[in-house]
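**Q** Here is a sequence together with a model predicted from it:
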Amino acid sequence: MGNFLSLVGVENTKLWKRVSTWIMPLILAVVVIGICGLARMQTAMIGSGSVSISAGQSQSKTVSGGWRQTLEEQNKVMQASVDAAEKSDRQADKNQIDSEKFRIAKNQYYLDHNQKPAEVSDSSSNVFGSSYWQRVMNFGMGFFIALFAIIACTGLVAGEFSEGTMKTMISRPFARWQLLTAKLAAVIGYTVFLSVVAYLVTLGGIAAFFGTGGTGTPVLMWLGGSVAAVPGFGASLLTALLDLLSTIVYLLLAFCLSAVSRSRALATGLSIFLMFGGSFTMLIADNFSWGKLIFFADTAFSTFVTGGAPFYGITLGLALIICGVYCAAFLASAYVAFTKRDVAG
Amino acid sequence: MPEMVLRTENLRKDIGSKNIVSDINLDIRPGEVFGFLGPNGAGKTTTIRMIVGLSKITQGDIFISGNSVRSRFREAMRDVGCIVENPELYRYMSGLDNLRMFARLYKGVGRERVDEVVRIVHLEDAIRDKVKTYSLGMKQRLGLAQALLHRPRLLILDEPTNGLDPAGIREMRTLFRDLADQGAAVFVSSHILSEMQMMCDRVGIINHGRMVAVHTVEELTSLSDGGGVQLLVRTGDNAAALQCMNGLQMKASLDSDGVHVATAPERVPELVRALVGAGLDVYAMDTQKTRSLEDVFMKLTGEEKQNG
């Protein structure tokens, strides 16, 4: 009997001998840098139109009452709309409740700590946010990572059927479930690798184009219904981790479709279609409470901690559980299809 | 009695409600080259696919070195090297990368062994090229190399001579003999009888999903004689020779390569005298084993047809 770790090594060899495996992280890095550069240009254009902002900023400490008043007024308006929504019977009215609550709590945090929120008026504020870590967190590459992870996954699982090489792997001193598990380990490893590449390039790209200003500013996160000031590095890691989990949900969907359909074209196409099309289930979840049971609506895990629940009746824990149940079903059908069915020539 | 390298017991495969093969009982001994012979669609590949784990066994069981393919699959597969149908290898990798990768699946198969099998299949010149540049014959060689890597006790090859040139086929024959001499068993399927006859010690004939007969090649040859011989006669005037044979009441036919004649062995001198007496120049008289084996094969599978 062979050694399972060497089987994972073999799957990694298959993965990394493909040129596309090297090209995808490269594209990822280029896209990150490119978007950073574009955003920088955009910020520069807006900035040149209002040169006087820096002068206004130096005055802001003296007229500190101004921003406090703004926040208090904002909170009153938002609280009123939250109260109205709570009484409403319609799901659609209630969808904003959690994110409004988060904004109220954030404002309250600023008021309590007598700290002027950077979002209100700050020259360093731009499309990605006001501080270094805020920008890093708002820079989502989740879609690209998921796309590339799906391509790698369908290549390694369905591709072996499409290219006929699967039969060369079956007659080896390994059980079929071991073959599939080794493939799963390899593609999850690759997804983590892509996420790490994206994260590191984002750290570097943001620093290069926007500087590292505000590195010490903690990030306000919405954790379990209360605001928490989390150190920037920790906050960005948490967001990246949650984004990775979202990617893995789609990866497992692609994994399942690959093992069941055995066609690389079908598995890739359908996975990507569902990843796009799945966002339409948000509309269902916005209007019907059972909509959350369609997992596509729940996969934006990081939104829960950076902006509040995307719709009414969902929490991060519930979203993770629903997606977890789906993932278990994906894996179960993948293993059953892979171990029970004959491998054609 | 030595332990059988491969043993199948009442093997049966159904796909849906359709029976593909049934009651396949085979015993392959160490040190023999076994030919698995049958027309296209007879169930050769289906049987092989069950042996190597590609297809589930509907009924019965397979033992490789005593390990059941059903319950001890991993142990059974340790002793198997195989090519089923076309050898499919990773096209985007070089031949060498393919072999090194497969080597990692087994304990104790190192780089020296990889280099050794490359020499055995004579692929030294192309081994660093990508597999997608290989010809069918080169792919066959590479497929054979990956099957030999872990020195399997049972080598299973489905139509191994596809795409090989005559020199390659001869090399393969020699290789099989060497492997068998070292104690391995070689299980070769084919629908080409003459190949089997030259390669194999024993031949199992399958038709319509059932074993028709298992014989040594000598047994088959003697069966085919049926008390008679088949001769290919080449003379200065084949048409005249045919007339002459017809005159002797012998079954003869004119073909492009000469006159084929079937007769009893004791009548051969009579035929020679007749030809010489007719003033014909006799250039050759060859006994035709292949042709007669084909007759046996047709008879065996034909009989089965009538019974079934």
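**A** Cool, the structure landed.

**Q** any idea how far residue A:237 is from the residue nearest the centre of chain A?
**A** Chain A has residue A:243 as the residue nearest its centroid, 2.9 Å off, counting by CA atoms, centre = their mean. Separation of residue A:243 from residue A:237 (CB to CB, to the nearest Å): 11 Å. Using the backbone N, CA and C atoms, a C-beta is placed for each residue, glycine as well.

**Q** what does residue A:35 give?
**A** For residue A:35, the distance to residue A:237 equals 21 Å [CB to CB].

**Q** before we move on, what about residue A:209?
**A** Here residue A:209 is placed at a distance of 21 Å from residue A:237 (CB to CB).

**Q** Spatially nearest residue to the residue of the stretch 151-300 of chain B found nearest chain A, not counting backbone neighbours?
**A** Residue nearest to chain A within the stretch 151-300 of chain B: residue B:156 (8.4 Å; CB to the nearest CB). With CB to CB, 6 or more residues apart in numbering or on different chains as the criterion, residue B:156 has its nearest non-adjacent residue at 4.0 Å, and that residue is residue B:82.

**Q** Which positions in chain B make contact with chain A?
**A** B:45, B:49, B:52-56, B:73-75, B:77-78, B:80, B:82, B:84-93, B:97, B:101-102, B:104-107, B:146 (CB under 8 Å from any CB of the partner chain).

**Q** Tell me who's in contact with residue 96.
**A** Went with chain A since none was named. Contact partners of residue A:96, counting by CB atoms under 8 Å, 6 or more residues apart in numbering or on different chains, are A:81, A:85.

**Q** that answer is for a different chain, and I need it for chain B
**A** Counted by CB under 8 Å, 6+ apart, residue B:96 has contacts B:114, B:118, B:127-128.

**Q** Need the pLDDT of it.
**A** pLDDT for residue B:96: 97.

**Q** ok, the residue nearest to the centre of chain A touching residue A:301?
**A** Yes. Counting by CB atoms under 8 Å, residue A:243 touches residue A:301, with 7.2 Å between them.

**Q** still on that earlier bit, what about the residue nearest to residue B:156, helix or strand, and which?
**A** Taking DSSP states H and E as the definition, one finds residue B:82 inside strand B:80-83.

**Q** quick one, strands of the stretch 201-308 of chain B?
**A** Ranges of strands within the stretch 201-308 of chain B are B:202-207, B:210-216, B:229-235, B:251-255, B:258-263, B:282-287, based on DSSP state E, counting those that start in this stretch.

**Q** Turn those strands into CSV, columns for mean pLDDT.
**A** Below are the strands of the stretch 201-308 of chain B laid out as CSV (pLDDT from 0 to 100):
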stretch, mean pLDDT
strand B:202-207, 93
strand B:210-216, 91
strand B:229-235, 86
strand B:251-255, 86
strand B:258-263, 87
strand B:282-287, 87
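
**Q** winner for burial among the ones you listed?
**A** strand B:202-207 (a mean of 24; mean count of other CB atoms under 10 Å in any protein chain shown).

**Q** Which strands or helices does that strand pack on?
**A** strand B:18-28, strand B:33-37, strand B:210-216, helix B:217-225, helix B:289-307 (3 or more CB pairs under 8 Å, 6 or more residues apart in numbering or on different chains; DSSP states H and E).

**Q** Where among the ones you listed is average confidence lowest?
**A** Ranked by mean pLDDT, the helices and strands packed on strand B:202-207 end with helix B:289-307 at the bottom, a mean of 65.

**Q** need the contact list for residue A:141.
**A** Shown in contact with residue A:141 (CB under 8 Å, 6+ apart): A:28, A:31-32, A:198, A:202.

**Q** mind checking pLDDT for it?
**A** Residue A:141 carries a pLDDT value of 87.

**Q** Distance of it relative to chain B?
**A** From residue A:141 across to chain B, the span is 27 Å (CB to the nearest CB, to the nearest Å).

**Q** Look up phi and psi at that residue.
**A** The phi and psi values for residue A:141, taken as degrees, to the nearest 10, are phi -110, psi 20.

**Q** between the contacts of residue A:141, which is closest to chain B?
**A** Ranked by distance to chain B (CB to the nearest CB), the contacts of residue A:141 are led by residue A:28 at 21.3 Å.

**Q** And that closest one, what's its pLDDT?
**A** For residue A:28, the predicted pLDDT is 95.

**Q** Find the helix or strand that it is a member of.
**A** Applying DSSP H and E as the criterion places residue A:28 in helix A:19-49.

**Q** Packing partners of that helix?
**A** helix A:142-156, helix A:176-210.

**Q** okay, the angle between that helix and helix A:176-210?
**A** Helix A:19-49 and helix A:176-210 are oriented at 30 degrees to each other (axes from the mean of the first three to the mean of the last three CA atoms, to 10 degrees).

**Q** Which positions in helix A:19-49 come out as buried?
**A** Under the neighbour-count criterion of 16 or more other CB atoms under 10 Å in any protein chain shown, helix A:19-49 has A:21, A:24-25, A:28-29, A:32-33, A:35-36, A:39-40, A:43 buried.

**Q** Am I right that residue B:7 is in contact with residue B:27?
**A** Yes. The criterion here is CB under 8 Å, and residue B:7 meets it with residue B:27 at 5.4 Å.

**Q** How is chain B divided into domains?
**A** The record assigns chain B these domain ranges, following automatic domain parsing: B:6-215, B:226-293.

**Q** looking at those domains, which is buried most?
**A** domain B:6-215 (a mean of 19).

**Q** Tell me the gap between that one and the middle of its chain.
**A** How far domain B:6-215 lies from its chain's middle: 11 Å, per CA atoms, centre = their mean, to the nearest Å.

**Q** where's residue A:68 relative to residue A:184, distance?
**A** On the measure of CB to CB, residue A:68 and residue A:184 end up 53 Å apart.

**Q** of these two, who's got more company?
**A** Neighbour tally, residue A:68 and residue A:184, criterion other CB atoms under 10 Å in any protein chain shown: the higher count belongs to residue A:184, 22 against 14.

**Q** is it true that that one touches residue A:254?
**A** No. Applying CB under 8 Å as the test, residue A:184 and residue A:254 come out as separate, 11.2 Å apart.

**Q** Tell me how many other residues crowd residue B:220.
**A** 25.

**Q** Does it touch residue B:202 like I think?
**A** No. Assessed by CB under 8 Å, residue B:220 is found out of contact with residue B:202, at 9.2 Å.

**Q** Pass me the low-pLDDT residue ranges in the stretch 1-150 of chain B, would you?
**A** B:1-2 (pLDDT under 70).
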